[in-house]
Structures are given as structure tokens and as C-alpha cells.
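Undergrad: Dropping the sequence and predicted coords here.
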Amino acid sequence: MADGENKGQRFLGIFDRLSRDETISKEALAREYGVTEKSIQRDIDDIRSYLSAAAGGPADIRYDRQEKGYRLVEEESGRLTRKGILAMAKILLESRAFAKEELHTILDKLIDVCPQSGRQVVEDLVRNEAFCYVPSRHGRKLLDALWDISLFIKKKEIIRLHYRRQDGAERQHTMKPVALLFSEFYFYLVAYKDEETSFPTVFRVDRIETMEKTGDHFRVPYRDRFKDGEFRKRVQFMYPGVLRRVTFTYSGPSVEAVLDRLPTAKIVFEKEGTYAITAGAYGPEIDM
């Protein structure tokens, strides 16, 4: 086999190992390929040049003294890192929010922008879970609807929607959309029916059959603008209602889980593992 072909195979083999987040040893590779360590060093230098010129990403090959070998490392500023992409992929899979086709499209694009260093590792870690992915039972594609709703909210457009309730009954509503939220496997549209209503109505996006513009817009003074984060902290299971203040006692293995579930909760006092907790929440669902 010609030396050029040998070098090409070495280049691809070394690059593949680095991409899989392996630590490589010049001495071990020299023995494996039957060449000198200087040849392996030239291969590493060629890969460095490729990463700088062709790949166009902020990655480099550096010597790790602790591991006693060379590794492909990425600069973490200014772009998504392999760690961030892996975390995002895991959250998407756990959410079960999207139909399989949409989920796989999103995951593929996330992995495509993963830095070369660790891309294969991320793909391997995600592949099996993605294969076994079970979406929510509604099975509807949502990306287009989510984008349309976001534009309605941004432009403050009054919309007319045809909605199918859980019991199968269908209703038509004219609404002022103010927020798009995600909770417990589903996306929700938060909207007001009229100006007299002091609390909003919540619609599950997958149950919206059609949406259309009415041609009218609404205005909200800045001081009265809808605060997504504040609403989200005070609503449980996406069933809104009047704002309530509740106080209850809790004894169990993890008060932290209660405080995480109710972001507005505060411990009033604690005695021998029993906590008195107060929290503000919309609607009756906090009773659950």
C-alpha cells in the first residue's frame, strides 16, 4: 500500500478517535501503525490545521498531562458546547412534547452543530433513548403552531381559535394571546377572553384545531403587561383561576421537592421534621 494511502488511513483513524473524546498516545499509535512518533506528530499537526481551516470551529488538540496523551478540546465561548447540547437533547427526550418526526429532526440539527470534539459521543449517548422515544398520545406536530402563536403574541393580534376539549366538545373562542408555556408534557397558550377578566384562560396547543387572525389588535400598558415567569410560579398543572394564598403543613423525606414544585412557597417554621409552608397560586389545583 502506498505511503499516501497509509497516511490517509492514519489521519482518519486518529481523527475518529479524537472525535470520540479518546485520549491518544503518540507512542501507542506509532506501534499500532508501524511508523515513527514523528509521523504521528505530523498527523496530529495536520489535524490541527484541518480544524483551524476546514472545520472552522474553535477546537484544538492539546496534551493532557494527567492522561499522558493528546485530546481534542473545544473552546466553550460563543457557541453551543457538547455538554450543553447533550443536556438539551436529554430534556427534549424527557419532555415527550413532540411527535417522533419533529423530535428526530430537532435532535439531528442539534448534533450537527455540536463541536467536532465529542460529537460522536453525544450521538452515541442520545441514539438509544431516541430510538425508544414515546411521544405524548396526541401525536400531533406542533412546531408550526408554536411559531404562529408566538407571532400572534408578539404582534398582539386578537385571534379566533377552534378548540377541542378533553371531553370531545368543540368550541370557538376569540382571544387575546399573551404567553406560550410548557408544562407536564404539553404546550399551553395563555390568553384573555376580554378586558374584564382578571385571570387568563389556558388552552392546550395540541387541542387547537384551527387558528385565524381577526384583523384586530389589542394594547396592553407596560405596567399591566403579562409576566410569564410570575404566572408560571403561581399556577399548578396549568389550571388557572383566582389568586389564592394557602398555608399547609408537610412532613416527609424531601421538603425541597415541595419548594421546587411551588416556586412561591416559603417555610414559616419547622419543628421535628414537620414544616409549615405558605404559597400563592392561581386556581384550585394546588390542593392536589
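TA: Sure thing, it's come through.
Undergrad: Ramachandran angles for Lys253?
TA: That one is not Lys; residue 253 is Pro. phi -80, psi -20 (degrees, to the nearest 10).
Undergrad: and it, how many residues sit next to it?
TA: Residues lying near Pro253 (other Cβ atoms under 10 Å) number 7. For every residue, glycine as well, the C-beta is placed using N, CA and C.
Undergrad: now Ile149
TA: 25.
Undergrad: Would you check that it makes contact with Asp206?
TA: No. Between Ile149 and Asp206 there is no contact, the gap being 12.0 Å when judged by Cβ atoms under 8 Å.
Undergrad: which SSE is the spatially most central residue of the chain in?
TA: The chain has Met88 as the residue nearest its centroid, 4.1 Å off, counting by Cα atoms, centre = their mean. Using DSSP states H and E, Met88 sits within helix 82-95.
Undergrad: tell me the mean pLDDT over the helix or strand that that helix is followed by?
TA: Once helix 82-95 ends, the next helix or strand along the chain (criterion: DSSP H and E) is helix 100-112. In this model, helix 100-112 has a mean pLDDT of 90.
Undergrad: Give me the buried positions along helix 100-112.
TA: Glu102, Leu103, Leu107, Leu110, Ile111 (16 or more other Cβ atoms under 10 Å).
Undergrad: Kindly report the same for stretch 130-148.
TA: Buried residues in stretch 130-148, counting neighbours by 16+ other Cβ under 10 Å, are found at Ala130, Tyr133, Pro135, Ser136, Leu142, Ala145, Leu146, Asp148.
Undergrad: Using JSON lines, please lay out those residues together with distance to His217 and pLDDT.
TA: Formatted as JSON lines, the buried residues of stretch 130-148 follow (distance: Cβ to Cβ, whole Å; pLDDT from 0 to 100):
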{"residue": "Ala130", "distance to His217": "41", "pLDDT": "89"}
{"residue": "Tyr133", "distance to His217": "40", "pLDDT": "88"}
{"residue": "Pro135", "distance to His217": "35", "pLDDT": "87"}
{"residue": "Ser136", "distance to His217": "33", "pLDDT": "85"}
{"residue": "Leu142", "distance to His217": "25", "pLDDT": "92"}
{"residue": "Ala145", "distance to His217": "20", "pLDDT": "94"}
{"residue": "Leu146", "distance to His217": "21", "pLDDT": "94"}
{"residue": "Asp148", "distance to His217": "16", "pLDDT": "95"}
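Undergrad: Just the ones of these in strands?
TA: Of those, none are assigned to strands by DSSP state E.
Undergrad: Let me know the closest of those residues to Leu29.
TA: When the buried residues of stretch 130-148 are ranked by distance to Leu29 (Cβ to Cβ), Ala130 comes first, at 32.8 Å.
Undergrad: wait, what's in contact with the closest one?
TA: Counting by Cβ atoms under 8 Å, 6 or more residues apart in numbering, Ala130 makes contact with Leu93, Leu103, His104, Leu107.
Undergrad: ok, how many other residues are close to the first one?
TA: So the one you mean is Leu93. Neighbours around Leu93, by other Cβ under 10 Å: 18.
Undergrad: what's the distance between it and Ala87?
TA: To Ala87, Leu93 is 11 Å away according to Cβ to Cβ, to the nearest Å.
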